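# okay, predicted coordinates and the sequence, questions at the end:
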Amino acid sequence: MRVLILTQWFDPEPAPKGLGFAKSVAALGHHVEVLTGYPNYPGGKLYPGYRMRWRDRATIDGIDITRVPLYPSHDRSRIGRALNYVTFFMSSTWHLLFSVSRPDVIYCYHPPLTSGLAAAIGSRLRKVPLVYDIQDLWPDTLMSTGMIKQGRIVRLIGRLCKAVYRHADAITVLSEGFKKRLVERGVPAEKLTVIHNWCEESRIVHGDAHWGPNRMPMGMDGKFNVVFAGTMGRAQALDAVLEAARVVAKQCTDVQFVFVGGGIEVERLKAAAKGDGNVLFMPPVPMDEVGRFLGRADATLVHLRDDPLFEITIPSKTQAYMAVGKPIIMAVRGDAAHMVKEAGAGIAATPEDANSIAAAVLELRRMSAQDRSAMGERGRTYYRNHLAMRVGVAKFDAIFRQIVRN
């Protein structure tokens, strides 16, 4: 069948459902086309080598990719972020209706909601079934991260979300908590399927292979490295982690906190950590390079604000940490902590509690290397059996085939 993937973010941006997902779907015998924007996330600037045009078409590894214009932005500006979403909605809707070949099924990645609106319009007017993959609950996430406050805009976004949910033929969510919340909001349970996220396995797991067994990224030699890899924004609330680093420094001199990635909070966090000798910031790197840092980590860290919304989410870095077989400090309540506990893959800590995070770090530091290795291996096994791309793609394939038959 012909599968159209509609997503605002796609390779070379850090996209959970990116080129690897598209290629895996195509490997099952489907023709896959991607409709996406010009790469600008997470920095909000157009990537080198790209020039904004009305349309750009390319084929990468057998996947047809159509890029459409948008306003590049991903900073603290609400107006800039809104323009980023709305311009992609406008251009993707037009191209979905008039430019791309009619698919048999549309798969749409959310967020943002505007992508879902474009998909719903295209689905209805071209009479094509829609699979809606919800990775963030809107408007909940927007309020939790401070982008908007309770009011008319929140109510409008809520109504638009419900409209897309009603129109979608199938909805996938990343956790049982998401499913429960949507059922409470009136979405029929039979329309919902839980499909846990995976990581870019070929790039993350094998990304450090050419570095050799003893070569370390600059600044990580001779340290017990606790690595946080990913976007650093408001939702991550990393001031608490910096404070935990100061608590750890008073008790253990060889532990180092390594932050790898970009985001709107990076420069402020660097300024806040100035003078802290056990904190190291690394710039954003391609997915292939992320594996280099994770492969040399002694422990990995997941942290989000202590917010009820995040109790029902599972941050995507969790899967990457498990896949590379590294112990996890999970400073997120709820579903994510339950997954790590079930896998026996790490230690839970209280989010935004510097002492709790520091205690988890020190507990891992006191463990023998063999015990930490066993913990990481349990996570790797859990990932292979429950979270791997082949597991998730098989579930998506079953949904695609079912709704097309119907």
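Everything's here; your move.

# residues of the top helix by length along the chain that come out buried?
Among the elements of type helix in the chain, defined by DSSP state H, the one spanning the most residues is helix 78-98. Using 16 or more other Cβ atoms under 10 Å as the burial criterion, the residues of helix 78-98 that qualify are Arg81, Ala82, Asn84, Tyr85, Thr87, Phe88, Phe89, Ser91, Ser92, Thr93, His95, Leu96. Glycine gets a C-beta too; all of them are placed from N, C-alpha and C.

# how about stretch 251-267?
Val255, Gln256, Phe257, Val258, Phe259, Val260, Gly261, Gly262, Gly263, Ile264, Glu265, Val266.

# the fifth one touches Thr231, doesn't it?
What that stands for is Phe259. No. The pair formed by Phe259 and Thr231 falls short of the contact definition of Cβ atoms under 8 Å, at 10.7 Å.

# keeping just the C-alphas, turn the helix or strand containing Arg390 into PDB.
Element membership for Arg390, per DSSP states H and E: helix 389-405. Taking C-alpha atoms only, helix 389-405 is exported to PDB below (Å, rounded to 0.1, in the frame of the first residue of the first chain):
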ATOM      1  CA  MET A 389      11.700  -0.800  16.300                       C
ATOM      2  CA  ARG A 390      10.700  -4.200  14.800                       C
ATOM      3  CA  VAL A 391       8.200  -4.700  17.600                       C
ATOM      4  CA  GLY A 392       6.600  -1.200  17.100                       C
ATOM      5  CA  VAL A 393       6.700  -1.200  13.300                       C
ATOM      6  CA  ALA A 394       4.900  -4.600  13.200                       C
ATOM      7  CA  LYS A 395       2.100  -3.100  15.400                       C
ATOM      8  CA  PHE A 396       1.800  -0.100  13.100                       C
ATOM      9  CA  ASP A 397       1.700  -2.300  10.000                       C
ATOM     10  CA  ALA A 398      -1.200  -4.300  11.500                       C
ATOM     11  CA  ILE A 399      -3.100  -1.000  12.100                       C
ATOM     12  CA  PHE A 400      -2.400   0.300   8.600                       C
ATOM     13  CA  ARG A 401      -3.600  -3.000   7.000                       C
ATOM     14  CA  GLN A 402      -6.700  -3.200   9.300                       C
ATOM     15  CA  ILE A 403      -8.000   0.400   8.600                       C
ATOM     16  CA  VAL A 404      -7.400   0.100   4.900                       C
ATOM     17  CA  ARG A 405      -9.400  -3.200   4.800                       C
END
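
# run through who's touching that helix.
The list of residues contacting helix 389-405 from outside it, by Cβ atoms under 8 Å, 6 or more residues apart in numbering, reads 1, 3, 20-21, 24-25, 28, 30, 104-105, 107, 129, 131, 169-170, 172, 193, 195-198, 201, 385.

# what comes up buried for that helix?
For helix 389-405, the buried set under the neighbour-count rule, 16+ other Cβ under 10 Å, comprises Met389, Gly392, Val393, Phe396, Asp397, Ile399, Phe400, Ile403, Val404.

# stretch 270-283 now?
Ala273, Asn278, Val279, Leu280, Phe281, Met282.
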